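>>> Give me coordinates for this.
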Amino acid sequence: MSSGKSNDRRGSFSRRFHGGSRIKPAYFKPKPVSIGDEVTVVIEGLSRRGDGVAKIRGYVIFVPNTRPGDRVKIKIVLVKPGFAVGELIGKAI
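Reported below is the predicted structural model:
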């Protein structure tokens with residue numbers, strides 16, 4: 001007699017002991033910026049939270065207190081696998 005639970009248990013075991021989620025490929029990719037870098041970017045859009053969004057080689061950088069179309073100089077304060085956060089230094093010429 002088979003109860004059919006063996007597949008359920010195998011999935012539960014896998015999630016419990018193997019983490020259940022994969023590490024995203026972005027985690028291993030080199031980032032185009034580092035903490036402390038000062039770069040000039042053009043704000044391309046707004047995030048859901050209202051922060052400006054810029055990109056360097058496809059890597060997203062959130063910049064508070066900016067608007068789309070602004071050309072600004074920023075200092076990188078946080079780098080994560082999928083995005084970075086920049087602090088506004090001033091408007092670029």
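>>> alpha carbons only for contacts and neighbour counts from here, please
Fine.
>>> residue ranges with poor pLDDT in the protein?
Counting by pLDDT under 70, the chain has low-confidence residues at 1-20.
>>> can you give me the strands for the chain?
The residue ranges that make up the strands of the chain, judged by DSSP state E, are 38-42, 45-46, 52-56, 59-63, 71-79, 83-91.
>>> Could I get those strands in JSON lines, plus columns for mean neighbour count?
Formatted as JSON lines, these follow (neighbours: other C-alpha atoms under 10 Å):
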{"stretch": "strand 38-42", "mean neighbour count": "18"}
{"stretch": "strand 45-46", "mean neighbour count": "17"}
{"stretch": "strand 52-56", "mean neighbour count": "21"}
{"stretch": "strand 59-63", "mean neighbour count": "21"}
{"stretch": "strand 71-79", "mean neighbour count": "18"}
{"stretch": "strand 83-91", "mean neighbour count": "17"}
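>>> what about Phe34, distance to Arg49?
Quick fix: residue 34 is Ser, not Phe. In this structure, Ser34 lies at 23 Å from Arg49, with C-alpha to C-alpha, to the nearest Å as the measure.
>>> With Arg57 instead?
Counting by C-alpha to C-alpha, the gap between Arg57 and Arg49 amounts to 23 Å.
>>> next one: Ala84
Distance check for Ala84 against Arg49: by C-alpha to C-alpha, it reads 15 Å.
>>> do the same with Phe28
Between Phe28 and Arg49 the computed distance is 27 Å (C-alpha to C-alpha).
>>> try Lys75
Here Lys75 is placed at a distance of 20 Å from Arg49 (C-alpha to C-alpha).
>>> re earlier: now distance to Ser21 too, for the strands of the chain, in TSV please.
Rendered in TSV, the data for the strands of the chain read as follows (distance: least, C-alpha to C-alpha, whole Å):
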stretch	distance to Ser21
strand 38-42	34
strand 45-46	29
strand 52-56	27
strand 59-63	23
strand 71-79	22
strand 83-91	20
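>>> Compare the ones you listed and give me the one nearest Ile23.
strand 83-91 (15.5 Å; C-alpha to C-alpha).
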